[in-house]
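Asks: just coords:
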């Protein structure tokens, strides 16, 4: 069965790049422009991994992750944050209680992205 990755990022060029990089893994990538749209997709469709940008309008990556953890079916969904900021540069109170599985600091090397995805996708 094909695994589905939901990717939330407000940058169209980043969404295209991520989809291109992950195509060779044989996964389905669903791309959305913000956290609100990501939550809507999760409520309507099964998903195996969430990739999200940290800084987005409306619902940012940390707020999205916290909201995802409230959905019973997705309490343990792997979540990978993309950011130009290192996690230690994000205020601890913003990170507290948000269970992020991984964090990639931009710029992202294609093989690093694929390695993370292979590691986090359920078998």
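Replies: Looks like it came in fine. Since we're looking at a predicted model, the values are computed, not measured.
Asks: Residue 49: neighbour count?
Replies: 22 (other Cβ atoms under 10 Å). Where you see a C-beta, it was placed from the backbone N, CA and C, and this is true even at glycine.
Asks: try residue 17
Replies: Look at residue 17: counted by other Cβ under 10 Å, it has 15 neighbours.
Asks: right, and the helix or strand after the host helix or strand of it?
Replies: Residue 17 is part of helix 12-23, with elements assigned from DSSP states H and E. Reading on from helix 12-23 to the C-terminus, the next helix or strand found by DSSP H and E is strand 28-32.
Asks: tell me the angle of that next one relative to helix 12-23?
Replies: Using axes from the mean of the first three to the mean of the last three Cα atoms, to 10 degrees, the interaxial angle of strand 28-32 with respect to helix 12-23 works out to 170 degrees.
Asks: And strand 28-32, what's buried?
Replies: 29-32 (16 or more other Cβ atoms under 10 Å).
Asks: Likewise for stretch 65-74?
Replies: 65-69, 74.
Asks: could I get those as a markdown table with distance to residue 59, secondary structure and pLDDT?
Replies: Output for these, formatted as a markdown table (distance: Cβ to Cβ, whole Å; DSSP: H, G, I helix; E, B strand; the rest coil; pLDDT from 0 to 100):
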| residue | distance to residue 59 | secondary structure | pLDDT |
| --- | --- | --- | --- |
| 65 | 10 | helix | 95 |
| 66 | 9 | helix | 93 |
| 67 | 7 | helix | 95 |
| 68 | 10 | helix | 95 |
| 69 | 13 | helix | 93 |
| 74 | 15 | helix | 95 |
